[in-house]
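*Asks:* sequence first, predicted model second:
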Amino acid sequence: NSILKIEDLHVAVEETPILRGVNLEIRQGEIHALMGPNGSGKSTLAYALAGHPKYTITSGKIEIDGTDIVELDPCERARLGLFLAFQYPVVIPGVKVADFIRHAVTNVRNPDRKEGETLMPMREFRKEIKERMTELGMETGFARRYLNEGFSGGEKKRMEILQLAMLQPKFAVLDETDSGLDSDAVKVVSEGVNRLAGPGMGVLIITHHERLLEYNIPQYTHVMLGGKIVETGGADLARELHSDGYKSVRERHPQEA
Ligand code: ADP
Ligand code: MG
Ligand code: MG
């Protein structure tokens with residue numbers, strides 16, 4: 001079983017320290033929820049995992065099975081089995097959903113391939129994407145849509161979930177902003193993750209959304225406060241935070257609050 005290990009991670013944005021010693025271990029097959037008040041650093045952790053250039057790792061480690069990935073670019077991280085939806089460009093004019101996923105899949109599966117070399121054969125790819133879409137209950141016409149062009153919230157999430165199904169990463173990090181998730185988007189993410197999560201995939205889902213947490217009951221819930229994970233518990237901790245908020249967590253951790 002693979003393991004994603006984050007050790008004493010410190011991250012700064014434009015010289016400002018944001019994460020101040022994050023420790024977290026996720027094994028393949030586990031679902032972890034990351035919660036915490038707005039501004040506590042949850043998205044910063046997701047960006048740092050993705051290798052976003054704006055987020056500087058000032059100290060600490062991120063390892064996949066003992067390989068430190070801090071110096072690797074987002075593409076190399078993906079090859080090691082890490083998936084982050086926003087690792088990929090938001091809008092690429094003239095590129096269809098299927099083209100984009102075909103490139104991503106080729107890149108992840110053939111690490112030695114050079115830019116411009118042959119993509120995964122079309123016939124094979126079409127068969128595979130069609131199977132995945134059928135399993136996910138998606139209309140196959142979606143693959144012919146132009147990427148993100150006029151996508152609804154739900155369609156953006158369909159794109160994410162379809163990528164997840166095709167790439168089958170060892171670790172998926174999903175930063176689901178709670179505001180702006182319409183009911184279609186919530187349905188796509190909760191059912192999609194539920195269908196795809198399994199022994200081969202470790203999931204870190206950043207959300208407070210009740211439905212997402214209910215569909216994908218986390219084995220572990222982590223609470224971030226002031227750039228640190230201050231508490232870890234089970235699914236009951238997620239429920240408690242959802243109904244009671246962060247007042248008592250802040251009281252228990254006055255230094256981070
Ligand atoms: P959360 O996702 O928990 O709401 P964030 O990781 O978005 O928290 O933000 C944590 C802190 O880092 C906030 O104070 C925020 O203002 C700051 N921050 C995050 N990203 C940036 C950025 N790109 N530029 C400047 N400040 C940032
Ligand atoms: Mg926020
Ligand atoms: Mg955020």
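*Replies:* Yep, that arrived. Ligands and ions are numbered 1, 2, ... in the order given.

*Asks:* so how far is residue 128 from residue 153?
*Replies:* From residue 153 across to residue 128, the span is 26 Å (CB to CB, to the nearest Å). No exception for glycine: its C-beta is placed from N, CA and C like everyone else's.

*Asks:* residue 40 now?
*Replies:* For residue 40 relative to residue 128 (CB to CB), the value is 39 Å.

*Asks:* now do residue 101
*Replies:* Distance from residue 101 to residue 128, by CB to CB: 10 Å.

*Asks:* so for those two, which sits in the more crowded spot?
*Replies:* residue 101 (24 against 16; other CB atoms under 10 Å).

*Asks:* and the more buried one, what element?
*Replies:* Applying DSSP states H and E as the criterion places residue 101 in helix 97-109.

*Asks:* check residue 77 too.
*Replies:* helix 74-79.

*Asks:* quick one: buried residues of that helix?
*Replies:* In terms of neighbour count (16 or more other CB atoms under 10 Å), helix 74-79 has its buried residues at 74, 77, 78.

*Asks:* mind putting those residues in CSV, pLDDT and distance to residue 224 included?
*Replies:* Listed next are the buried residues of helix 74-79 as CSV, based on pLDDT from 0 to 100; distance: CB to CB, whole Å:
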residue, pLDDT, distance to residue 224
74, 87, 22
77, 93, 21
78, 92, 24
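
*Asks:* closest to ligand 1 among those residues?
*Replies:* Lowest distance from ligand 1 to the buried residues of helix 74-79 (CB to the nearest ligand atom) belongs to residue 74, with 16.2 Å.

*Asks:* got the contact list for the closest one?
*Replies:* Residues near residue 74 by CB atoms under 8 Å, 6 or more residues apart in numbering: 50, 51, 52, 84, 87.

*Asks:* measure it to residue 173 for me?
*Replies:* Taking CB to CB, one finds residue 74 at 12 Å from residue 173.

*Asks:* now list whatever residues contact both of these two.
*Replies:* Going by CB under 8 Å, 6+ apart, residues that sit against residue 74 and also against residue 173 are 50, 84.
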